[in-house]
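# With the input below, show me the fold.
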Amino acid sequence: MPDNLKYVFNGDNNTLLIIIAKGLTSAQEKKFVKLLRDHKTIIGWTLADIKSISPSMCMHHVPLEDTAKPTRELQKRLNPPMIEVVKAEILKLLDA
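You can find the predicted model right below:
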């Protein structure tokens, strides 16, 4: 979790997870959580909460033959010049 975010729980028995900015004041945080609590029926917290979308539309299924066994392939190695390019790109994305 990035340093500028924190978890807040909402809902019955604090089951709904919310991620908010740490920079909010206590009053802003309370107002925001109250707003979400008051309108929690219009937010799709889980897939079951989204009434108009069929779960089959959101699920991914990979058809396999009955005799097929799942396998895990080894990670492919990058050539040395590309390693530096990838590292630089990852650091740029992390900074953003």
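
# hey, let's count contacts and neighbours off CA atoms from now on
OK.

# Helices of the chain, residue ranges please.
Ranges of helices in the chain, per DSSP state H, are 26-38, 55-58, 80-95.

# Just give me the lowest mean pLDDT stretch among those helices.
Here the lowest mean pLDDT among these goes to helix 55-58, at a mean of 73.

# Output that one as CSV, nothing but the C-alphas.
Output in CSV follows, covering the C-alpha atoms of helix 55-58 (Å, rounded to 0.1, in the frame of the first residue of the first chain):
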residue,chain,number,x,y,z
PRO,A,55,-21.9,-12.7,-13.9
SER,A,56,-21.1,-14.8,-16.9
MET,A,57,-20.2,-11.6,-18.8
CYS,A,58,-17.6,-10.7,-16.1
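
# What is the burial count for Asn13?
Neighbour count for Asn13, taken as other Cα atoms under 10 Å: 7.

# That one and Leu5, how far apart?
Separation of Asn13 from Leu5 (Cα to Cα, to the nearest Å): 22 Å.

# who's the residue nearest to the spatial centre of the chain bridged to?
The chain has Ile19 as the residue nearest its centroid, 10.1 Å off, counting by Cα atoms, centre = their mean. Applying DSSP bridges to Ile19 gives these bridge partners: Tyr7.

# so it sits right up against Lys6, yeah?
Yes - counting by Cα atoms under 8 Å, Lys6 is a contact partner of Ile19 at 5.6 Å.

# Was I right to think Leu16 contacts Phe9?
Yes - contact criterion Cα under 8 Å: Leu16 and Phe9 qualify, at 5.5 Å.

# dump the residue contacts of the closest residue to Leu5 other than its chain neighbours.
Excluding the flanking residues, the one nearest Leu5 by Cα to Cα, 6 or more residues apart in numbering is Ala21, at 4.5 Å. The neighbourhood of Ala21, defined by Cα atoms under 8 Å, 6 or more residues apart in numbering, consists of Asn4, Leu5, Lys6.

# quick one: the residue nearest to the centre of the chain from Lys30, how far?
Where Lys30 is concerned, Ile19 sits at a distance of 13 Å (Cα to Cα).

# go on, Arg72?
The value you get for Arg72 to Lys30, if Cα to Cα is used, is 46 Å.

# neighbour-wise, which of the two wins?
Remark: of Arg72 and Lys30, Lys30 carries more neighbours, 12 against 5, as counted by other Cα under 10 Å.
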